[in-house]
Each structure stands twice: as structure tokens, then as C-alpha cells.
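Enquirer: any chance you can model this:
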Amino acid sequence: MSSRAARHNELGEFLRTRRAQVTPEQVGLPAVGQPRRVAGLRREEVAQLAAISADYYTRLEQGRLTSASESALTAIARALRLDADDEVYLRKLAHKSKVRRGPAVQRARPATELLLNNLIDTPALVLGRHMDILAWNQLAAALFIDFAEIPPEQRNFVRMAFLDPAVRSRYVAWEATARICVEYLRMDAVEFPDDPRLMALVGELSVHDADFRDWWAARHVARKTFGAKTFRHPAAGELTLDWQMLACLDDPHQTILVMTAAPGTPSHQALRFLASWADSADAPPSSDSVAATPHDRDYSDRS
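Expert: Numbering: from 1, shown residues only. Okay, here's the model as predicted:
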């Protein structure tokens, strides 16, 4: 199958998964007719709701249309009750005619790395395409894992969230975080559908993790750029951090992930403990005895 045909096939798969999630009752259609072979709406029902011909919609879903009008895509998105990220994904699939290729190797700019290293109480990472980890500061390594010990080809945030027990165990609500990672990666797939790095990553995760395999097949997409996560650290205890993704304007496929806590909160005290712990050349291994202490210690003398 050609890359162009594969992209059209992805459009069809996406539309099929979305109409399977919408029932006739949800959109005001009568549930009549023969027993349904599949869940959700039929093609002709989507066409009816979108006020387009059933033949037009069928050809679009089967990849037999070379292009789709903006008005038709808007109507289909409304009929399938797509959210904003879903609609962006739909339009990119429908209009993509060229495979985008980025540089073979992405690197964080030295000035960006300096910025990260100047963030004393803020864990921060630079993420590239497919959430490859390009750079990090000392506090991010203390919060998650020593990324320098991970082979560069395995230094990927999604991969580590699923396959690295140390990173996976950091999240109190792992499933919510893992689903966001899959949705983010799926959004990348429409930008770089033939990227060997992406195909290898998806293949590895699909083989080794059933949750990833199921969530990838569901084709949910998102570009969430902020939120809050609760971590369970073996040395610092439990801490809740706000996170946000900041764009690197010189490279649209790099973002800076920063995690913060309000000053004076137990979570901020835990971050300051982690920073002090990471600064120590003979930092002790994680233990329950260490985990009980960070919130009670005074780090007011740290500059």
C-alpha cells in the first residue's frame, strides 16, 4: 500500500472508530431497522446528520476521495460529535498530501539547556518529536530517573511511561497519564505518518503492552498542554505538581515540559528536598526512612 493510500486508510479507520461511539439515540435518530452488525451509527446515518450524500461520505471513509470540502468536514465533525482535537486530526488526515520529514536528529539548543539548568526548584524536560527526551535538568532526573543512564534510542517519554517500572511507578494515577501520552503520540502520527522512529516506537509498545495496543487502536487524540499530576517518589514522598507544555518557537516540534508547585506548599517543600538531595554527591538511595522526612525539613536557606 502506498503512503498516500495508507493515510486515506487511517482517515477511514478514524471515522469508523468515531461513528462506532455515537448511538442513534444520542443524535436524535430512531433506533429502528435490522439488528446492527456493529455499534454506533451507520454510514448513511452520518451522511444524513451531516446533510451530505451517503455516497460522498462512503467514498471519503473508504479513501476514494482525493479531497474533502471544509464545509463537509465541519458537518461530519458535528455529526460525529468530535471535540476540537478530534476535528484538527480529521482535517489533517483529510488534507494531507505530502509526508513531512523533520531533521534526522533533533537537539535542544544550548540556550534552552541553560534555561533548564537555571530552574532550581522546577523539574523541566525538552521533548521532541514523538516525545523523545532531548534535554533535562537535574531536578527532572531526581523526580523521574537518571535519563543519562538510558540509551538515547530508548529515551522517550511515552516508552518510559509504559515500559520503565521506575518511571511508571512515579504516577499515582498512571492510566490517566498514559492515555494522554498515547493521545499525544497519535496526534504526531498524522504529522509524520512514515517516520521510521515513530513506527518502531508504536510497534515496540504494541508488542509489549496490551493497554497501549488497545488505546492506540481506539484512535483518541489530544494536545493537552497543561494539568496537574500527583507523583509518588520513594525519597520525597507524594507531591502534586502543575505541569505545562511551552512551545519552542524556533522548532515547532520541540516543547519544554515544566512542573511547578506553589511556594509554601508541601509539594514545593518536597521539590526543594529533591533539589537538595540531587545536589548531594553522596545522595542516599531511596528508602522509607528518607521518604518520611522532606516535608518536615527547612530549606529556607537555599538560594
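Enquirer: what lines up beside the lengthiest strand in the chain in the sheet?
Expert: Counting residues, the longest strand found in the chain (DSSP state E) is strand 237-247. Taking DSSP bridges as the criterion, strand 237-247 forms sheet pairs with strand 226-233 (antiparallel), strand 255-260 (antiparallel).
Enquirer: what does the last one contact?
Expert: Strand 255-260 is touched from outside by 112, 115-116, 119, 122-127, 140, 143, 229, 241-248, with contacts defined as Cβ atoms under 8 Å, 6 or more residues apart in numbering. Just so you know, the C-beta spots here come from the backbone N, C-alpha and C atoms, and that holds for glycine as well.
Enquirer: mind checking which of these are buried?
Expert: Buried subset of those (neighbour count, 16 or more other Cβ atoms under 10 Å): 112, 115-116, 119, 122-127, 140, 143, 229, 241, 243, 245, 248.
Enquirer: and the gap between the closest residue in space to Ala247 that isn't next to it in sequence and Phe192?
Expert: Closest residue in space to Ala247, ignoring its immediate chain neighbours: Thr255 at 6.0 Å, by Cβ to Cβ, 6 or more residues apart in numbering. Distance of Thr255 to Phe192, computed by Cβ to Cβ, to the nearest Å: 15 Å.
Enquirer: got a list of what Leu125 touches?
Expert: So Leu125 contacts Leu116, Ile133, Ala135, Trp136, Asn137, Ala140, Phe157, Ile256, Leu257 (Cβ under 8 Å, 6+ apart).
Enquirer: which ones are touching the first one?
Expert: Counting by Cβ under 8 Å, 6+ apart, Leu116 touches Ala124, Leu125, Val126, Ala135, Trp136, Asn137, Ala140, Ile256.
Enquirer: restricted to helices, list the buried ones among the contacts of strand 255-260.
Expert: Using DSSP state H, Thr112, Leu115, Leu116, Ala140, Leu143 are the members of the buried ones among the contacts of strand 255-260 that sit in helices.
Enquirer: from what I can see His233 touches Leu139, true?
Expert: No: applying Cβ atoms under 8 Å as the test, His233 and Leu139 come out as separate, 11.4 Å apart.
Enquirer: if I look at Val221, how far off is Val182?
Expert: Per Cβ to Cβ, Val221 is found 9 Å from Val182.
Enquirer: pull up the overlap in contacts between the two.
Expert: With Cβ under 8 Å, 6+ apart applied, the contact sets of Val221 and Val182 do not overlap.
Enquirer: pLDDT wise, what is the closest residue to Val221 other than its chain neighbours at?
Expert: Nearest residue to Val221 in three dimensions, chain neighbours excluded: Tyr89, at 4.4 Å (Cβ to Cβ, 6+ apart). According to the prediction, Tyr89 has pLDDT 92.
Enquirer: so Tyr89 versus Asp83, what's the distance?
Expert: 10 Å.
Enquirer: Asn232 - how many residues pack around it?
Expert: That one is not Asn; residue 232 is Arg. Neighbourhood size, Arg232 [other Cβ atoms under 10 Å]: 14.
Enquirer: list the contacts for it?
Expert: For Arg232, the contacting residues are Ser169, Arg170, Tyr171, Val172, Glu238, by Cβ under 8 Å, 6+ apart.
Enquirer: any stretches of the stretch 201-303 of the chain with poor pLDDT?
Expert: The stretch 201-303 of the chain contains residues with pLDDT under 70 at 281-303.
Enquirer: and the helices in it?
Expert: 210-218, 266-279, 288-291 (DSSP state H, counting those that start in this stretch).
Enquirer: mind listing what's buried in the first one?
Expert: Neighbour-count burial for helix 210-218, with 16+ other Cβ under 10 Å as criterion, is recorded at Phe212, Trp215, Trp216.
Enquirer: closest to Ser67 out of the residues you listed?
Expert: Checking the buried residues of helix 210-218 against Ser67 with Cβ to Cβ, the nearest one is Trp216 at 27.1 Å.
Enquirer: let me see the contact set for Ala222.
Expert: By Cβ under 8 Å, 6+ apart, the contact list for Ala222 reads Asp85, Ile180, Glu183, Tyr184, Met187.
Enquirer: switch the cut-off to 10 Å
Expert: By Cβ atoms under 10 Å, 6 or more residues apart in numbering, the residues touching Ala222 are 83-86, 88-89, 179-184, 186-187.
Enquirer: can you tell me which two in those residues are farthest apart?
Expert: Within the contacts of Ala222, Ala84 and Cys181 form the most distant pair, 19.2 Å apart (Cβ to Cβ).
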